[in-house]
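Peer 1: here is the input, now give the coordinates:
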Amino acid sequence: MYQLEETTYLYILILLPVILLVFIYNKYWQKRTIKKYFDDATFNFLSPELSSTKSYIKTSLTLLIISILVFGLVNPKIGTELKTVKREGVDIVFAIDVSKSMLAEDIAPNRIFKAKRLVSEIFNKLGSDRVGIIAYASTAIPVLPITNDFSSAKMFLESLNTDMLSSQGTSIVEAIELSKGYFDDENQTNRVLCILSDGEDHEYDENQFISTLSDSGIIILSVGLGSKKGAPIPIKENNIVKSYKKDDKGEVVITKLNDELLKKIATQSSGKYIKGDNTSLVVDEIINELKEMDKKEFESKQFVSFKDQFQWFLGAGLLLFLVNSIIFDKKTKWIEKLNLFNENN
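Peer 2: Numbers count the residues shown, from 1 in each chain. Now for the predicted structure:
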């Protein structure tokens, strides 16, 4: 396993073809100028010790030295040992409402965009915790299993949209039921489910909710998105509002925040309800709640003891630089005797 510490220095390698082109042009100019004023016999008589190959060798060494020193600046590191690293944190699953009502724009720019932004900001503040993602409407689907890879989590988070589930409606119980499979460790002291929704659940059954929640040990942090005044659900084409969703009677549907339901499910699970208007306040509230919880010890395999390797490249570069400095343009007698390039002919 290896790491490249400073990859920015790799851009210096762009100079190599430039140096090569300058060298080729210079050799072409030299040959053309010599041919213009001297014939071969005269030039060889005037410069009997000048080697025709040393310049190529010196230029090749210069390019090699630059390449080696650049990789020294990049500082490759090699992981020499695979160890089990123990960390402490909380497992938190985010259940995000992707029903059509989340398109309402009573919270800028709309409810589902706000939900994704909140979760992304929470990811930025988490430390050794692990996260999972669930999307739900009338049913719930797993989007991302429990992981500590926040980069992947953000990528899956951005893929959420209101078209990913064909069956519409909202069922918070489905999300809770699915989240149970995320918490597969019996020794977990805290199991946190963060629900981000407008709370509109026309299928909610309190008895079913209590039955689903009982003995699960899940603590629910609910985040309410939207306003009590409500807003229509826009139908857009190419980001332009064409109309609004209507009911069977042809009247425009107004979707409202049902914070009473979100407060109830949070209270019954010993959790907390948070209004989702202010991003920084929501993030701070959730992070503070997680900090007060008991941490679970995780184990993960990873390469440790990464060792710097820049010294090898630096040493090789300096050695080649010394070699290059003692190579002169004049011919070397013992190499001339070998006649490697048929120079004697």
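
Peer 1: tell me the contacts of Ser67?
Peer 2: Ser67 makes contacts with 13, 16, as judged by C-beta atoms under 8 Å, 6 or more residues apart in numbering. (C-beta placed from N, C-alpha, C; glycine too.)

Peer 1: ignore the last one, Leu61
Peer 2: Leu61 neighbours (C-beta under 8 Å, 6+ apart): 320, 323-324, 327.

Peer 1: let's see it at 10 Å
Peer 2: 320-321, 323-325, 327 (C-beta atoms under 10 Å, 6 or more residues apart in numbering).

Peer 1: which parts of the stretch 51-200 of the chain are helices?
Peer 2: 54-74, 111-125, 150-158, 172-179 (DSSP state H, counting those that start in this stretch).

Peer 1: tell me which helix or strand of this structure sits lowest on mean pLDDT?
Peer 2: None of the helices or strands of the chain scores lower by mean pLDDT, DSSP states H and E than helix 333-338, at a mean of 54.

Peer 1: quick one on the thing from earlier: ranking the helices of the stretch 51-200 of the chain by burial, who's on top?
Peer 2: Most buried of those, by mean neighbour count (mean count of other C-beta atoms under 10 Å): helix 172-179, with a mean of 23.

Peer 1: now do that helix, average pLDDT.
Peer 2: Mean pLDDT, computed over helix 172-179, is 90.

Peer 1: so which bits of stretch 198-209 are buried?
Peer 2: 198-201, 204, 209 (16 or more other C-beta atoms under 10 Å).

Peer 1: and which of those residues is nearest Pro234?
Peer 2: Taking C-beta to C-beta as the measure, Pro234 lies nearest Asp198 of the buried residues of stretch 198-209, at 14.6 Å.

Peer 1: make a PyMOL selection of the buried ones in the contacts of Leu61.
Peer 2: Restricted to buried positions by 16+ other C-beta under 10 Å, the PyMOL selection for these reads:
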select buried, resi 320+324
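
Peer 1: which of the contacts of Leu61 fall in helices?
Peer 2: Counting by DSSP state H, these place 320-321, 323-325 in helices.

Peer 1: just name the closest of the buried residues of stretch 198-209 to Ser222, please.
Peer 2: Gly199 (7.8 Å).

Peer 1: and that closest one, what pLDDT?
Peer 2: Turning to Gly199, the model gives it a pLDDT of 90.

Peer 1: from Leu157, how far off is it?
Peer 2: Gly199 is 21 Å from Leu157, where distance means C-beta to C-beta, to the nearest Å.

Peer 1: check Leu281 too.
Peer 2: 20 Å.

Peer 1: if we can go back for a sec, can the ones in helices among the contacts of Leu61 go into CSV with extra columns for pLDDT?
Peer 2: Below are the ones in helices among the contacts of Leu61 laid out as CSV (pLDDT from 0 to 100):
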residue, pLDDT
Leu320, 87
Phe321, 86
Val323, 84
Asn324, 79
Ser325, 81
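
Peer 1: from these, which two are the most distant?
Peer 2: By the measure C-beta to C-beta, Leu320 and Ser325 form the most distant pair in those, at 9.7 Å.

Peer 1: circling back to that earlier point, in TSV, list the ones in helices among the contacts of Leu61 along with distance to Ser227.
Peer 2: Formatted as TSV, these follow (distance: C-beta to C-beta, whole Å):
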residue	distance to Ser227
Leu320	70
Phe321	70
Val323	75
Asn324	73
Ser325	75
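
Peer 1: quick one, strands of the stretch 201-345 of the chain?
Peer 2: 218-224, 231-232, 234-237, 240-244, 254-255, 272-275, 296-308 (DSSP state E, counting those that start in this stretch).

Peer 1: again, but for the stretch 1-150 of the chain
Peer 2: Going by DSSP E, counting those that start in this stretch, the stretch 1-150 of the chain shows strands at 2-4, 76-89, 91-97, 130-136, 140-147.
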